[in-house]
Each structure stands twice: as structure tokens, then as C-alpha cells.
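*Asks:* Make a model of this:
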Amino acid sequence: MQLSDSGILREIGLTLYERKALAALMVLGVADAASICREGAVPTSKIYRAMEKLAQLALAQVQPTRRKMYAALPSDAVVDRIIALVRERADRFSASGEELRRMLTSLTGDVRGKHPFVDLALGAESHIKRHLVHLADAKARILSYMECGDLSSIDQAIDAGFPILRRISRNAAEREIQHQVVFGFSYRTAPQLLEFLKKHRADIRNLTGVRYSGEVGHPFHVVDERLVILPLDHPFIPEGRFASLLIRDEDLARNLASGFEKLWRKAMKSLQEINADPRTKRNG
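*Replies:* Modelled structure (predicted):
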């Protein structure tokens, strides 16, 4: 991959000609504008603005003589500066995001729970990225009943580079979310549950309660007592999870929350006899 094609340089806002100018300068070390144009295939009409931008970002040095000369910085210094620019941009986005969150929250009316809304997501990937991601934006409380199909879809998403559990955990820690989970399992799916709990031990440490039950067959999540996620699986579908429903309905959320409380009271508090409790360390 050429330096001019680098995604991180795009991330900090460098145009194609600015990326080409930086690459050419790194090759030349010290050069005037004409040399950089020839080396980097940068039009003469673009070079001075490009070099001015690189200097402003502290990615190059300028000698303001009659014929301006430009000097490259050491590669380590360039990389460190690029990383700093990415962090600065992320911090700005984060601050802007919180302001946008407050604005949108202030505009949200009390009628939202009186008008049910349903969204259908097809496929395991859409289930995670469109629906389960709402768990990472919870404000106060999450109730989750999960079975093997949920564990598989979460594993697939994480292996594909979408750290959904980490995002949920980070939000839970920052907002002190109450998140209770009942894991449903059978003798057939117990090994998968064991592996999931061990593999993701770090990302489920913020769960405020974990219990275990025999399979009910109908996984669900209730978020902040108004949002419901209903995953849909079928044994004839190779990947199992073929869709999910996201439903904004406070009445449905209350009914499922009530059912969850009954399930919670009956569920087992630990599975120490098969070493499945993520909060229990093995001796030795």
C-alpha cells in the first residue's frame, strides 16, 4: 500500500494531493515545491496549499526563504503527530456527540411510548448492528434472556471486528447500568455456554446479575423499560439467526420485564458444578 492510499491519513483530513505531497517529501527529505510536484505527481496549482496544510498540522517544516524549502520530519515524529491528530479529532467528535445527545434527548416527547414502532432486521449481522447495539446506549436498565443463537451471533460479530460486548460493557460502566442476564442452556448447548463465558469474561464483568435456566426458546432484551428486542432463530436456517424485531412499546416492555422477574426468581444462581459461573475462579 502506498502512503498516499493510507486510510489513517484520510482520517485526519488529508486530501489526495496532500497525501502525495507528504509521501514525496518523506522520500526527498528536503525539497522545493517544484521537486515535490515532480516526485509526487502533484499539480503545481495544488502544491502550495497542500504544503501549507502539512505545515499547519506539524507534519512538515517550512523554510520561508525567497524560494520556499520544505523539510520532512523523522518518520517516528510524523507517526506520533498523526496519532495525536486522530485522538484530537476523536475527542472533538466525542464532545460533539454528547452535546447532540443532550439536544436530541431534550426534543424527545412523552408520546414515544404511546405509539409502538417495529423494525425488522434480516440476518445475524443486522440483528447485532441495528438492534443489539441499542444495549450499548441504555440509560438505566437492561434485562436479557439469551440462548445459544444469541451467543453464536455475538461471537460472529466480534470475530468480524464489531466489539459489541465491549461497547455494551463500556456504556454499563460509565452509566452504572443495571444489566441482569439469564442464560438459557441445555445439555447439548452447555459446552457453548461455557466457552462463551470464558472467552468473554472481561467484557461481561459489568453485568450486575447472572443466572442460568433451562431453555425457554424465546430470547429477548428489554432496554430502559421501553425498547424490546426479539431475536428470531430457525433450525432449518444454517446460521440459525435469520432476523430480529426491535419494538418500541412500553406495554410490551413491561410485560416482558414482569416475565423476566419470574424467570429470574426460578433460575439457578450459579453453575459451579460444571465450572460455568464467570464470577467463580477455579482453584489451582
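*Asks:* Give the other helices and strands that the strand or helix carrying Glu88 contacts.
*Replies:* Assigned by DSSP states H and E, Glu88 belongs to helix 75-107. If contacts are counted by 3 or more C-beta pairs under 8 Å, 6 or more residues apart in numbering; DSSP states H and E, helix 75-107 sits against helix 7-11, helix 16-28. Placement of C-beta: from N, CA and C, glycine included.
*Asks:* Of those, which stretch is the most buried?
*Replies:* helix 16-28 (a mean of 22; mean count of other C-beta atoms under 10 Å).
*Asks:* okay, now Glu52: neighbour count?
*Replies:* 14 (other C-beta atoms under 10 Å).
*Asks:* If I look at it, what pLDDT would I see?
*Replies:* pLDDT, Glu52: 92.
*Asks:* Same question for Asp224.
*Replies:* pLDDT recorded at Asp224 is 94.
*Asks:* sorry, back to before: dump the helices and strands packed on helix 75-107 to CSV, plus mean pLDDT and distance to Ala41.
*Replies:* Shown next, in CSV, are the helices and strands packed on helix 75-107 (pLDDT from 0 to 100; distance: least, C-beta to C-beta, whole Å):
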stretch, mean pLDDT, distance to Ala41
helix 7-11, 80, 16
helix 16-28, 93, 6
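*Asks:* Ok, which of those helices comes nearest Ser186?
*Replies:* Ser186 lies closest to helix 7-11 among the helices and strands packed on helix 75-107, at 44.4 Å (C-beta to C-beta).
*Asks:* Show me how far the closest one is from its chain's centre.
*Replies:* Centroid separation for helix 7-11 versus its chain: 19 Å, with C-alpha atoms, centre = their mean, to the nearest Å.
*Asks:* sorry, back to before: save the helices and strands packed on helix 75-107 as TSV, and put in distance to Glu174 too.
*Replies:* Converted to TSV, the helices and strands packed on helix 75-107 look like this (distance: least, C-beta to C-beta, whole Å):
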stretch	distance to Glu174
helix 7-11	24
helix 16-28	36
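*Asks:* For Tyr187, find the nearest of those helices.
*Replies:* Across the helices and strands packed on helix 75-107, the minimum distance to Tyr187, taken as C-beta to C-beta, is reached by helix 7-11, at 46.8 Å.
*Asks:* which helices and strands sit right next to that closest one?
*Replies:* Taking 3+ C-beta pairs under 8 Å, 6+ apart as the contact cut, helix 7-11 packs with helix 16-28, helix 75-107.
*Asks:* Out of those, which is the most enclosed?
*Replies:* By mean count of other C-beta under 10 Å, the helices and strands packed on helix 7-11 have helix 16-28 as the most buried, with a mean of 22.
*Asks:* Check what contacts the next helix or strand after it and list those residues.
*Replies:* Once the chain leaves helix 16-28, the next helix or strand it forms, by DSSP H and E, is strand 30-32. Here strand 30-32 makes contact (C-beta atoms under 8 Å, 6 or more residues apart in numbering) with Ala24, Leu25, Glu39, Arg67, Lys68, Met69, Tyr70, Ala71, Ala72.
*Asks:* Please repeat the previous calculation with a cut-off of 6 Å.
*Replies:* Arg67, Met69, Tyr70, Ala71 (C-beta atoms under 6 Å, 6 or more residues apart in numbering).
*Asks:* What remains of the residues you listed if I keep only buried residues?
*Replies:* By neighbour count, with 16 or more other C-beta atoms under 10 Å, the contacts of strand 30-32 hold Tyr70 as buried.
*Asks:* So which of the contacts of strand 30-32 belong to strands?
*Replies:* Of the contacts of strand 30-32, the ones assigned to strands by DSSP state E are Met69, Tyr70, Ala71.
*Asks:* Quick check: which element contains the nearest residue to the last one once chain neighbours are set aside?
*Replies:* Okay, so that is Ala71. Counting by C-beta to C-beta, 6 or more residues apart in numbering, Ala71 lies nearest to Gln61, which is 4.3 Å off, once chain neighbours are set aside. Assessed by DSSP H and E, Gln61 sits inside strand 60-63.
*Asks:* So for that strand, mean pLDDT?
*Replies:* For strand 60-63, the per-residue pLDDT averages 90.
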